[in-house]
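[1] Prediction below, plus the sequence it came from.
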Amino acid sequence: MADPLLIDHTDGVATLTLNRPEAMNALNVALKQALRDAVIELNAEPGVRAVVITGAGERAFCVGQDLREHLGFLKSGDPSPLGTVVEHYNPLVTALAELNVPVIAAVRGAAAGAGASLALLADFRIGGPSTSLLMAFAKVGLAGDSGISWSLPRLVGHAKALELLLLAEPVGAAEAHRLGLLTRVAETDDEILPAAQELAARLAAGPTVAFGAIKRELAIGSVGTLAEALASEAAEQALCGGTQDHVESTMAFVEKRTPRFVGA
């Protein structure tokens, strides 16, 4: 059997490919475990300076929970058929949200349910003509999971998030871009992954310590008080001020040359 998750490391960019194209990259236990463990490990790898998440095949980024497998758990009388939320999705989402490097989702085809949740946790989301997002949870009688109640309102606001989750209607690429669910829309589907990897390479060559600091600041500033935001900014500036990248970029500015960032 093929590995459910493919991992490639190239020039500081880690590309994670959900590798179940025959099932539209639906999340079965094997894929959830592999993805969870891989993302947790990425945060401990100093050589990783950007992450791309994509799906194999042409039809889907990820259609969420593997409902065929899930039905088997329901029929077996599993006393906790949704235990996967705590065991797999919550630690995966936490690790993904806490990655200190930029994360780019290359969303080709359908992203539904937990698949849409994963895409929306990325810092950048690149789509194409075939891209569609579906908050599919209510269609199978479930509430949202995989961080969708946290990420979606931050992108589109409370009212629109409620609409997308309750009506569970697909959102095409153009509308997704207008709403902010997609950062960019490539002209063709074949350009989605190259565009995501090009952006990842650009970010990986930048001041990645500062990028991580900015992500942490926004996580606090978007929900905290002004005092908490100011305290976070002071702490992160103290951290960044001691980096090689800050010294190098300041010198480069004065010397009118392009800085060379090392991510430290």
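    Yes, it's here.
[2] which residues in the stretch 101-250 of the chain form helices?
    All helices of the stretch 101-250 of the chain, identified by DSSP state H, counting those that start in this stretch, fall at 114-121, 148-156, 158-167, 173-179, 192-204, 208-221, 226-241, 244-254.
[3] Flag the shaky bits of the stretch 151-264 of the chain, pLDDT-wise.
    For the stretch 151-264 of the chain, no stretch is flagged by pLDDT under 70.
[4] and for stretch 233-253, what are the contacting residues?
    207-210, 213-214, 216-217, 258-264 (Cβ atoms under 8 Å, 6 or more residues apart in numbering). For every residue, glycine as well, the C-beta is placed using N, CA and C.
[5] let's see 6 Å
    207, 209-210, 213, 217, 259, 261-262, 264 (Cβ atoms under 6 Å, 6 or more residues apart in numbering).
[6] related to what we said a few turns ago, would you turn the helices of the stretch 101-250 of the chain into CSV with mean neighbour count and distance to Val107?
    Listed next are the helices of the stretch 101-250 of the chain as CSV, based on neighbours: other Cβ atoms under 10 Å; distance: least, Cβ to Cβ, whole Å:
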stretch, mean neighbour count, distance to Val107
helix 114-121, 28, 5
helix 148-156, 18, 14
helix 158-167, 14, 16
helix 173-179, 17, 9
helix 192-204, 20, 7
helix 208-221, 18, 20
helix 226-241, 13, 30
helix 244-254, 14, 30
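[7] out of these, nearest to Leu16?
    For Leu16, the closest of these is helix 114-121, at 10.1 Å, according to Cβ to Cβ.
[8] Can you give the contact residues for the closest one?
    Outside helix 114-121, the residues that reach it (Cβ under 6 Å, 6+ apart) are 27, 61-65, 96-97, 105, 107, 111, 125, 133, 146-148, 151.
[9] who touches the residue nearest the centre of the chain in this structure?
    Residue closest to the mean C-alpha point of the chain, counted by Cα atoms, centre = their mean, is Ala122 at 2.6 Å. By Cβ under 6 Å, 6+ apart, Ala122 lies in contact with 103-105.
[10] do the same with Gly12
    Neighbours of Gly12 in contact, by Cβ under 6 Å, 6+ apart: 49, 204.
[11] And for Ala111?
    61, 119, 133.
[12] Relative to Glu228, which of those residues is nearest.
    For these, the nearest to Glu228 is Ala119 (28.6 Å; Cβ to Cβ).
[13] Pull out the buried residues from stretch 256-264.
    Neighbour counts over stretch 256-264 (16 or more other Cβ atoms under 10 Å) mark 259, 261, 263 as buried.
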